[in-house]
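Participant: build me a model:
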Amino acid sequence: METRELRYFVAVAEELHFGRAAQRLGIAQPPLSRAIGGLERRLGARLLERGSRGVSLTGAGAVLLREARAALDAVEAAERRTRRAALAATGRPAVVLAAKAGASGELLAKLLDAYAAEPGAVTVDVVLCGPGEQTRLLRDGRADVALLHRPFDDTAGFDTETLHTEGQVAVLPAGHALGTRPHVRLDEVTALTDLPLPRWPRPDGTFPDGPGPQVRDHTQLTQLIALGRACAIVPESGRTGLHENLTAVPVSDAPQVTTVIAWPAHSRSTAVAGLVRAATVL
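Facilitator: Numbering: from 1, shown residues only. From the prediction side, this is the model:
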């Protein structure tokens, strides 16, 4: 299969309409229909059901949609990494590290200092992002390495090294009654109807249902907590640098969070290897 055919199929599968897919791709509808028909004949499987009520995916089509998206993502990632490698050979070499804003700040600082002392160290461009975005940046080639947090982040398909395991704390407005306790339980935090837990965006940009405020970054979250509009449960390292109008209390029954450094399994980058080496000796 050619990447062109996969792009054609993904467009039709997502639009479920040949006309809209053709418009999205910037081509005429007849060649798009012929391309999809040819793909079905070569695979020996019907991918789309075409009827008077529109277009729908078959079981085989649903499988190909999932695999085609992954394949196209891999191609785009390869293109990005190749371009970066070419730039590194002629200009300023750099490795891109993705990390969640507001998390593992002290660990990240130590890692960057340790790597800077490595022989042959290159520039590290740090990209701070929202929860879960590090994984996407790593998969699509915009990052070379990332700090991920189990059990929240998906590490499937990556090589990883464990760096740190810690408990979690509830972040509350300063002066809150629970803030004077030595520890709290998860059910006590979730029962705070006046301080609902925030809702972070899914990978597609939509938000789950719930009473909590929609948040997209750490700064927004801490401001909402300080205003008495939300609370949050975060790794213990998240208490570092909290403003005086916030307090953190250990959550005794919250699952532990393990921070790992992750990189694509096929990576042969010496810069990534050096960064991983520096991280594992902290």
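Participant: show me the shaky parts of this protein.
Facilitator: 80-81, 84-93 (pLDDT under 70).
Participant: so where do the helices sit in it?
Facilitator: 3-15, 18-25, 29-43, 59-90, 105-116, 133-139, 186-190, 218-226, 270-280 (DSSP state H).
Participant: so which of these is the most surrounded?
Facilitator: Neighbour counts (mean count of other C-beta atoms under 10 Å) averaged over each of those peak at helix 133-139, with a mean of 21. Every C-beta, even on glycine, is put in place using the N, C-alpha and C of the backbone.
Participant: what sits against the residue lying closest to Gly179 once chain neighbours are set aside?
Facilitator: Distances taken as C-beta to C-beta, 6 or more residues apart in numbering put Thr247 closest to Gly179, at 4.0 Å, once the chain neighbours are dropped. Going by C-beta atoms under 8 Å, 6 or more residues apart in numbering, Thr247 touches Val171, Leu172, Pro173, Ala174, Gly175, His176, Gly179.
Participant: closest to Leu107 out of those residues?
Facilitator: Nearest to Leu107 among the contacts of Thr247, counting by C-beta to C-beta, is Val171 at 18.4 Å.
Participant: how many neighbours does that closest one have?
Facilitator: 24 (other C-beta atoms under 10 Å).
Participant: can you start the count at 10 instead of 1 from here on
Facilitator: Okay, residue one is now 10; in that scheme the one you just asked about reads as Val180.
Participant: follow-up on the earlier one: tabulate the helices of the chain (CSV), appending distance to Thr268.
Facilitator: As requested, the helices of the chain are exported to CSV (distance: least, C-beta to C-beta, whole Å):
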stretch, distance to Thr268
helix 12-24, 34
helix 27-34, 40
helix 38-52, 42
helix 68-99, 23
helix 114-125, 7
helix 142-148, 11
helix 195-199, 21
helix 227-235, 16
helix 279-289, 10
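Participant: for Val269, which of those helices is the nearest?
Facilitator: helix 279-289 (9.3 Å).
Participant: between the closest one and helix 114-125, how many degrees?
Facilitator: 130 degrees (axes from the mean of the first three to the mean of the last three C-alpha atoms, to 10 degrees).
Participant: where do the strands sit along the stretch 160-291 of the chain?
Facilitator: 167-175, 177-182, 241-244, 255-259, 266-273 (DSSP state E, counting those that start in this stretch).
Participant: deepest of these, which one?
Facilitator: strand 177-182 (a mean of 24).
Participant: which other residues reach it?
Facilitator: 187-188, 193, 198, 204, 231, 234-237, 240-245, 247-248, 251, 254-260, 263-266.
Participant: from Thr91, how far out is Leu284?
Facilitator: Taking C-beta to C-beta, to the nearest Å as the criterion, Leu284 is separated from Thr91 by 20 Å.
Participant: ugh, typo on my part, it should be Gly214
Facilitator: 28 Å.
Participant: hang on, the earlier thing: of the contacts of Thr256, which is the nearest to Gly47?
Facilitator: Val180 (56.1 Å).
Participant: what's the spacing between the closest one and Gly129?
Facilitator: Relative to Gly129, and taking C-beta to C-beta, Val180 is found at 40 Å.
Participant: check Leu66 too.
Facilitator: The gap separating Leu66 from Gly129 is 49 Å, by C-beta to C-beta.
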